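Novice: Using only what follows, build the 3D model:
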Amino acid sequence: MTVAFYSGRRRRAAAALGAVSAGLLVLSACDKPTPLVTVTVGTESVNAEATCYNDGEAIKESEVQKCLTEGTPTKIKFAVDDKVRLGVDPEIAENGWTLLFGAQPVEQEPFKKTYRTIPGNAFFSSQTGETTDKADVNIMETNGTKVIGIYRFQFEKSS
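Specialist: Model prediction:
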């Protein structure tokens, strides 16, 4: 009688060990998700994963320009008098992020906070002072001089 009880315990222990091993195997096969950038205007929000991301490592310099222009950007429409709220995952803020209009950086130093608000009219005037109906906006995650991720958006002016 003890033999049957003992072999049942061994079977349960082996089954539990097998289940834990299988679970760890499944988890190790999962990729870590890329950080997200969120743009919110009023009650509408859009999220974007990076169009270029190398698991937190630097993107090759030869790839950066292509990443700023290729692929489909995430689109959102808003009026010029709306407030645009930009939010990034804490991982992005820790490294630092820069706002770009097209491929041109808007600021000198990377921003290190997870959230900022910019007036909508800032996105719809060109460098020459002319107004536009669309703006290609990129958010570039950096770590020192290295580019870690690029997130693409297209802002469209609504009437």
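
Novice: Contact partners for the most centrally placed residue in the chain?
Specialist: The residue lying closest to the centre of the chain (C-alpha atoms, centre = their mean) is L36, at 2.8 Å. Counting by C-beta atoms under 8 Å, 6 or more residues apart in numbering, L36 makes contact with N47, A48, E49, V88, D89. Quick note: C-beta positions are derived from backbone N, CA and C, even for glycine.

Novice: Any chance of a PyMOL selection covering the buried ones in those?
Specialist: Those of the contacts of L36 that count as buried under 16 or more other C-beta atoms under 10 Å are selected in PyMOL with:
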select buried, resi 48+88+89
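
Novice: Take the contacts of L36 and lay them out in a markdown table including distance to F153, secondary structure and pLDDT.
Specialist: Below are these laid out as a markdown table (distance: C-beta to C-beta, whole Å; DSSP: H, G, I helix; E, B strand; the rest coil; pLDDT from 0 to 100):
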| residue | distance to F153 | secondary structure | pLDDT |
| --- | --- | --- | --- |
| N47 | 10 | strand | 95 |
| A48 | 6 | strand | 95 |
| E49 | 12 | strand | 93 |
| V88 | 12 | strand | 97 |
| D89 | 16 | coil | 95 |
